[in-house]
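Colleague: show me the folded form of this:
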Amino acid sequence: MRQTLIATCAAAALLLPTLAWAQGECWAISNIRGYSAYANEGYKFVPDGLPSTLMICFTPDGGMVTGSTVPFFKFGASTLAGYGGNDKGNELFEVYQLDRENRKLLYIKTRIGTKTIAPVFSDVVSAFVGDAAPVRP
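Modeller: All right, here's what the predicted structure looks like:
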């Protein structure tokens, strides 16, 4: 039973980007750089970035971002916002905005209560900009 559940989840993770891509407008985001401030470092901003490329898709009903398990809501044509958390105090808020004219993605993230899910990690606030390229079907 457990292996079936794992296989189903893995298949869904692989298919969701494909389904979103088929239904909407997708962009590949790379060179994601900016700053983060971590609670365990006194919330001092330090250079930061994301190590990999991600894909963001805007669909009629919302959108998705690869690598994120947060449900997203669409605001206007260019903004996805998502919230995730647990009943122990962990709260995560992410906003992605696509600047089509300049081919950039603006990304902010805030997370509190992190130690309820991963005691070695810290609460954080981050702001990033990445290069955006349209993905054609």
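
Colleague: ok, which stretches of this structure are strands?
Modeller: 25-38, 45-49, 54-59, 62-65, 72-75, 79-85, 91-99, 104-112, 124-135 (DSSP state E).

Colleague: let's have those in TSV, adding mean neighbour count and distance to Ala118.
Modeller: In short, each C-beta sits where N, CA and C put it, glycine included. Shown next, in TSV, are those (neighbours: other C-beta atoms under 10 Å; distance: least, C-beta to C-beta, whole Å):
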stretch	mean neighbour count	distance to Ala118
strand 25-38	18	13
strand 45-49	12	17
strand 54-59	21	20
strand 62-65	22	20
strand 72-75	16	22
strand 79-85	17	13
strand 91-99	18	12
strand 104-112	19	10
strand 124-135	17	12
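
Colleague: any idea how far Pro119 is from Val65?
Modeller: According to C-beta to C-beta, to the nearest Å, Val65 and Pro119 sit 26 Å apart.

Colleague: same question, Ser78
Modeller: The gap separating Ser78 from Pro119 is 37 Å, by C-beta to C-beta.

Colleague: and what of Lys109?
Modeller: Counting by C-beta to C-beta, the gap from Lys109 to Pro119 is 20 Å.

Colleague: Gly84 now?
Modeller: Distance from Gly84 to Pro119, by C-beta to C-beta: 18 Å.

Colleague: about what we covered before: I'd like the strands of the chain written out as a markdown table, with mean pLDDT added.
Modeller: As requested, these are exported to a markdown table (pLDDT from 0 to 100):
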| stretch | mean pLDDT |
| --- | --- |
| strand 25-38 | 97 |
| strand 45-49 | 98 |
| strand 54-59 | 96 |
| strand 62-65 | 95 |
| strand 72-75 | 96 |
| strand 79-85 | 95 |
| strand 91-99 | 97 |
| strand 104-112 | 97 |
| strand 124-135 | 98 |
